[in-house]
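Undergrad: For reference, the sequence and a predicted model appear below.
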Amino acid sequence: MRRVRKSLIGGGILTAVLAATAVLALSPRGGSSSGSGSTCGLSASQLGGFVTIPGGGFVMGVDPHYPEEGPPRRVLVSPFLLQEHEVTNAQFATFVADTGYLTEAERNGGSARFSETDTPQRILSWWSLDPAATWRTPDGAGSDLTGRDLHPVTHVTLNDARAYADWAGGRLPTEVEWEYAASHGLFDPMDPESGVRAPDGTPRANVWTGLFPIMNSRRDGFAGTAPVGCYEAGLTGAFDMIGNVWEWTDTPFGAAQPRVTIKGGSFLCSEDYCQRYRVAAREGMERDFSTAHVGFRIVKDMGQGK
């Protein structure tokens, strides 16, 4: 059985023919979710905090690079509370233990997994639909969450993220809210890449460093996901708004398309291939599809408490 699926792979939406009964057995050489084993990041006791994003106006879609971005327009936003970090495996595990929830990947036959490749012209060799890949087993059969409690949860669909948000007493951000918060967190509003690196080149986000998809130099410390909070918080106090994993929003991606907007880029965004680590960058994702580089964070309305 062959299934044609439009999915986010690397930096764009491609029509990928995934063989559900003949999945490529690709082991990650640089794309493991376990990263480098660093102990950086927030501690378990620091998880779950929220920062207040004050209401105001901003110009959305500044400096568009790709056709789906822009045009720049003035937008007003009400104040809200933003979780300081992406939802972690530990947080998601608590939700599952409390509710017995099964993710769509667990119910419907796996999730998409990335592998570094030495054949960059063969885009399908970067990704495989792995029936054993779930949030519990992010690298497929034989993998687990050992050492990854504080990494962002991945292999979750929009519906999975919504279920968690509802249980946690929050919701997913709209695209406007997400971009507003991310733009206010930039170290230099005049430099859309200031969330990626400091003026002296010090990494401020977990993105692909090196030649994509052949070689990841790990200059930023990680090949795959990083524990939340490993990089300097933005000016709002929120971590990892740029890079690490794409984040679900609750905003449709185009009126005529049954996809939802994701924001922020991931550890697979690179300067030489995908510059979607800018706050204005956006992509579309099917609501029932999951990958190794898409996660989420939640927001709360003012008055719900932190």
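TA: Yes, it's here. Nothing here was measured: the structure is a model prediction, and the numbers come from that model.
Undergrad: all strands for the stretch 101-250 of the chain, in order.
TA: Counting by DSSP state E, counting those that start in this stretch, the stretch 101-250 of the chain has strands at residues 111-114, 127-130, 210-211, 215-216, 246-252.
Undergrad: quick one: buried residues of the longest one?
TA: Within strand 246-252, the residues scored as buried using 16 or more other Cβ atoms under 10 Å are 246-251. Quick note: C-beta positions are derived from backbone N, CA and C, even for glycine.
Undergrad: of the residues you listed, closest to Gly303?
TA: Checking the buried residues of strand 246-252 against Gly303 by Cβ to Cβ gives Asp250 as the nearest, at 19.3 Å.
Undergrad: Surely the closest one is in contact with Val176?
TA: No - with contact defined as Cβ atoms under 8 Å, Asp250 does not count as touching Val176 (10.5 Å).
Undergrad: re the thing from before, with mean pLDDT and distance to Ile262 as extra columns, can I get the strands of the stretch 101-250 of the chain in a markdown table?
TA: Shown next, in a markdown table, are these (pLDDT from 0 to 100; distance: least, Cβ to Cβ, whole Å):
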| stretch | mean pLDDT | distance to Ile262 |
| --- | --- | --- |
| strand 111-114 | 91 | 13 |
| strand 127-130 | 86 | 16 |
| strand 210-211 | 72 | 23 |
| strand 215-216 | 72 | 21 |
| strand 246-252 | 96 | 4 |
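Undergrad: and of the ones you listed, who's closest to Arg171?
TA: Closest approach to Arg171 among the strands of the stretch 101-250 of the chain (Cβ to Cβ): strand 246-252, 6.9 Å.
Undergrad: got the contact list for Gly170?
TA: Taking Cβ atoms under 8 Å, 6 or more residues apart in numbering, we find Gly170 in contact with 83, 298-300, 304.
Undergrad: Could you check what's spatially nearest to it, not counting adjacent residues?
TA: Once flanking residues are discounted, Gly170 sits nearest to Ile298: 3.8 Å by Cβ to Cβ, 6 or more residues apart in numbering.
Undergrad: any idea how far Pro227 is from that neighbour?
TA: Look at Ile298 and Pro227: by Cβ to Cβ, to the nearest Å, they are 18 Å apart.
Undergrad: quick revisit: list the contacts of the residue nearest to Gly170.
TA: Contacts of Ile298 (Cβ under 8 Å, 6+ apart): 83, 87, 164-165, 168, 170-173.
Undergrad: circling back: going by distance to Arg278, which of the buried residues of strand 246-252 wins?
TA: Comparing the buried residues of strand 246-252 against Arg278 with Cβ to Cβ places Trp246 closest, at 12.9 Å.
Undergrad: List the residues that contact the closest one.
TA: With Cβ under 8 Å, 6+ apart, Trp246 has these contacts: 8, 262-266, 283, 285, 293-295.
Undergrad: Let me know the closest of those to Glu193.
TA: Set against Glu193, the nearest of the contacts of Trp246 by Cβ to Cβ is Gly265 (10.9 Å).
Undergrad: If I follow the layout properly, that closest one ends up in contact with Arg276?
TA: Yes - the pair Gly265 / Arg276 is scored as a contact, 4.5 Å apart, by Cβ under 8 Å.
Undergrad: about what we covered before: okay if I get the contacts of Gly170 as CSV plus pLDDT?
TA: Putting the contacts of Gly170 into CSV (pLDDT from 0 to 100) gives the following:
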residue, pLDDT
Gln83, 98
Ile298, 98
Val299, 98
Lys300, 97
Gln304, 74
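Undergrad: Need these in CSV (columns: secondary structure).
TA: Listed next are the contacts of Gly170 as CSV, based on DSSP: H, G, I helix; E, B strand; the rest coil:
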residue, secondary structure
Gln83, strand
Ile298, coil
Val299, strand
Lys300, strand
Gln304, coil
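Undergrad: Counting neighbours, which of the residues you listed end up buried?
TA: Buried members of the contacts of Gly170, scored by 16+ other Cβ under 10 Å, are 83, 298-300.
Undergrad: how near is the nearest residue to Glu69 once chain neighbours are set aside to Gly210?
TA: Closest residue in space to Glu69, ignoring its immediate chain neighbours: Ala280 at 5.3 Å, by Cβ to Cβ, 6+ apart. According to Cβ to Cβ, Ala280 and Gly210 sit 24 Å apart.
Undergrad: Same drill for those two, tell me which one is more crowded.
TA: Set Ala280 next to Gly210 and count neighbours by other Cβ atoms under 10 Å: Ala280 wins out with 21 against 17.
Undergrad: list the contacts for that one?
TA: Neighbours of Ala280 in contact, by Cβ under 8 Å, 6+ apart: 60-65, 69-70, 179, 192.
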